[in-house]
Each structure stands twice: as structure tokens, then as C-alpha cells.
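>>> 3D model of this:
(one chain, ligands or ions: 1)
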Amino acid sequence: MRATQQDFENAINQVKLLKKDPGNELKLKLYALYKQATEGPCHVPKPSVFDLTNKAKWEAWNALGSLPKEVARQNYVDMVSSLEAPSESFGHEKPADSHRPGYETLLVTSEDGITKIMLNRPTKKNAINTQMYHEIMLALEASGKDDSVFTVVTGNGDYYSSGNDLSNFTDSPTDGVEEKAKSSAVLLRNFVGHFIDFPKPLIAVVNGPAVGISVTLLGLFDVVYASDRATFHTPFSHLGQCPEGCSSYLFPKIMGPAKAAEMLVFGKKLTAGEACGQGLVTEVFPDSTFQREVWTRLKAYSKLPPNAMRISKQIIRNREKEKLHAVNAEECNALQERWLSEECLNAILNFFSKKAKL
Ligand code: COA
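This is a model prediction of the structure:
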């Protein structure tokens, strides 16, 4: 899955040959990845507020933070291959790393027996909005059934994910706040259920900071590789909320109740090294070699007999499944109440009003 300079140049040419305008949002993402891949992090001054186009381009590039050039190049190639096929005259074969079309918030690819689900809202730090919740479930259902041997979840840009998109709370509900809390709890329960029931080995490639549900779900992954730039933060109490993703049960088992409480109750942010020491992360890699080392290892694992791997994963997980579904239901019930609490509403308003003042 490593994009070479030639792949990158082909992708640049492919963009020029696109028959259909991919739209401004995608063009901005491509621009940002191109700049990051060729020049590295954005250090140019921010254009004035009146220079709308250049300001938008600057913001998209700047949002990629310190994403390494080679990762930006790979993401650029992935993104281009998800667009429409170039005109016949271009004469290229369909790329081996073929994209699953139809996702707007994800980049889903399959190669070397590995399905990669990449969270793809880098300008929002891969916050999970309602559409992304649905698309992740669809992608998990599809990859659970396809011929890949395992599935990887990772993030595009400098974040793995900033967790639940807090604007999910601020959309004005048409059926009233109580109905909205109820339907959100149903969605969350279904979403987490997809991770509990996932039939093949599930691997998290945590490329950068992880917040909220992107952290709590890690207990349901079979292996978690992290860049040393990653951090793990669950600020539930700060937001007037409580844990989800079965973390209230799995984290105390993984790291002991005292360490779990420091994270889940008091919102202590862990470094990648600390998360590894506490058993939440399998292994930490230097950011500069993270992608290369992890994908080399994953490609080697993908050659192992697929049925043996699937059955081993199921034997490890199956005896806990019923318990995990019960925990998931209990956590979602508690959250449904929390979302209606004054503590939670004030915390969400604070987040958005702080941003508005900047
Ligand atoms: N929900 C909604 N929007 C989010 C988000 C989230 N979870 N995380 C990031 N964003 C948005 C920001 O609002 C901002 O949008 P804008 O460009 O339209 O203003 C954009 O993503 C970039 O984030 P920004 O805050 O400017 O980046 P930063 O590097 O200063 O901070 C975070 C990154 C993740 C620390 C910060 O955005 C944050 O605290 N987000 C909330 C995380 C959270 O509480 N998640 C839920 C846990 S239960």
C-alpha cells in the first residue's frame, strides 16, 4: 500500500484528466495533500479574510499539521483512485488498490488481502458525524464479508479521530430533544454492535491523536498500532457524558480499575507510550517510520492462513460477546440520559461558543 513517486505523478495526471468536476470540498482536500506531499507542513502566512479562495486552501493545508510527506502522498493517491476512472486515452489499468465507491466520509480500499477503512474528514480532525457512523457500519458489514483476511481502521490527516462530532448535538431536532437522544442511543448501540460482532481480525492503525469514542472502541480491536505522535483522551466528564464502546467493562479489564478510572472518569490524556504500558496499545512506532513499519508487518500477517486467523479471533472474542452487547446497551441507556442533562448541554455550548470567540 505504499505509493511511489510514480504512483503520485500518475495520480496528478489522472486529476487533470477527470471528466467530472469532483467538487470544491474534494479539490481542497487534494490541494492540501498535494502541498503536504511536495512541500511538507504549511508554514506560509494565513491569507486575509477577504481572500476567500486562498484562505480556504491555506486552511485545508494547515489542517494537515505535521502529517509526513509520504503519508500525504499515499493519501493523495488513494483519494484520486476513489474518483471516477480517467478517460480511455489515458490507457491505465484499474489501480490494484481499488477503491470502494459510494462513501463520502471514508476512503475504503482493498489490497494484499487487507481492507483499509480510512476516516476521511481531515479538516474536522476526522470527527464522526452521523453520516460517518452509518458509513463505518456499511464498510464493516462489507469488509466482514469480502475476501480480505483482516480489516484496518485508520485516519486521514494529522488526527486518528477527534471522536463524536459535537455538532451532532446542535442540529435542531425535528422530533424534539428526547426523541433525538433516543435515536442517537439506538444509532450508537448499533454502531458499537458492529465492532463487537466483527468476524475477522480488526486492527487500528492510530496515526495521530484519538479522542472519545475513537479511543473507547480500541478495546474491541484485536491489535492497536500507534504512532508516537498519538495521544488517547476520553474527556467524558468534562462533557457531562459517560463512557461508551464497552470501555466501562473492557478498560478496567485491560488496564485495571484504577488506571481505567483515571482515563474514563477524570479524562486523563495518555501518551502513546503510556497507553502501550497500560495494555490498550499493542506497539508504538516512531512517527517518521510508522506507516512503513506497520504496513510491512501487516502485509506479512496477511499471508497467514485466513481461516485460522478468523477462527482464532472468534475463539478469543466469542465467549465475551453476550456480555459486551449487554454492556453496550447499558452504556447507551446511560448516555441517552446524559445527553439531556444540563451538564452535557452546557459543555457542548461551551465548545462551540469558545470557537466562535476565536
Ligand atoms: N466535533 C465537532 N467539530 C470538531 C471536532 C468534534 N469532535 N473535533 C474537531 N472539530 C472541528 C473544529 O470545530 C474545527 O472546525 P472549524 O475549522 O470549522 O472551526 C476543526 O475541526 C479543526 O479543529 P480545531 O479545534 O480548530 O483544531 P485544534 O488542533 O485546535 O484542536 C481538538 C483539535 C480535537 C483538540 C479540538 O477540536 C477538540 O477539542 N475537539 C473536540 C473533541 C471532543 O471533545 N470530542 C468528543 C469526545 S467525547
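>>> now for the closest residue to the ligand within the stretch 1-150 of the chain, how many residues are close by?
Residue nearest to the ligand within the stretch 1-150 of the chain (C-beta to the nearest ligand atom): Ala127, separated by 3.5 Å. In short, each C-beta sits where N, CA and C put it, glycine included. By other C-beta atoms under 10 Å, 22 other residues sit near Ala127.
>>> not counting its neighbours along the chain, what's nearest it?
Nearest non-adjacent residue to Ala127, counting by C-beta to C-beta, 6 or more residues apart in numbering: Asp165, 3.9 Å away.
>>> just Ala329 next, same as before
Nearest one to Ala329, counting by C-beta to C-beta, 6+ apart, is Arg189 at 6.2 Å.
>>> what does Glu141 give?
Among residues not flanking Glu141 along the chain, His194 sits closest, at 7.1 Å (C-beta to C-beta, 6+ apart).
>>> roughly how far apart are the one you found and Gly144?
Going from His194 to Gly144 by C-beta to C-beta, to the nearest Å gives 8 Å.
>>> what does Thr216 give?
Taking C-beta to C-beta, one finds Thr216 at 21 Å from Gly144.
>>> give me the mean pLDDT for stretch 2-14.
Per-residue pLDDT values over stretch 2-14 give a mean of 81.
>>> what does the helix or strand hosting Gln74 rub up against?
Using DSSP states H and E, the element containing Gln74 is helix 69-81. With contact meaning C-beta atoms under 8 Å, 6 or more residues apart in numbering, helix 69-81 is reached by 1-3, 5, 7-8, 10-11, 14-15, 26, 29-30, 33-34, 36-38, 40, 64, 67, 95, 97-99, 107, 109, 118, 120, 156-157, 207, 291-292.
>>> just the buried ones from those residues?
Buried members of those, scored by 16 or more other C-beta atoms under 10 Å, are 1, 3, 7-8, 10-11, 14-15, 29-30, 33-34, 36-37, 64, 67, 95, 97, 99, 107, 109, 118, 120, 156-157, 207, 291.
>>> so Pro173 makes contact with Ser184?
No. If you go by C-beta atoms under 8 Å, Pro173 and Ser184 don't touch, sitting 9.4 Å apart.
>>> residues from this structure in reach of the ligand?
The interface of the chain toward the ligand, taken as C-beta under 6 Å from any ligand atom, is made up of 124-125, 127, 162-167, 211-212, 235-236, 239, 355.
>>> are any of those buried, and which?
Members of the residues of the chain next to the ligand classed as buried by 16+ other C-beta under 10 Å are 124-125, 127, 162-166, 211-212, 235-236, 239.
>>> which of the residues you listed has the weakest pLDDT?
Note: of these, the lowest pLDDT belongs to Leu166, at 91.
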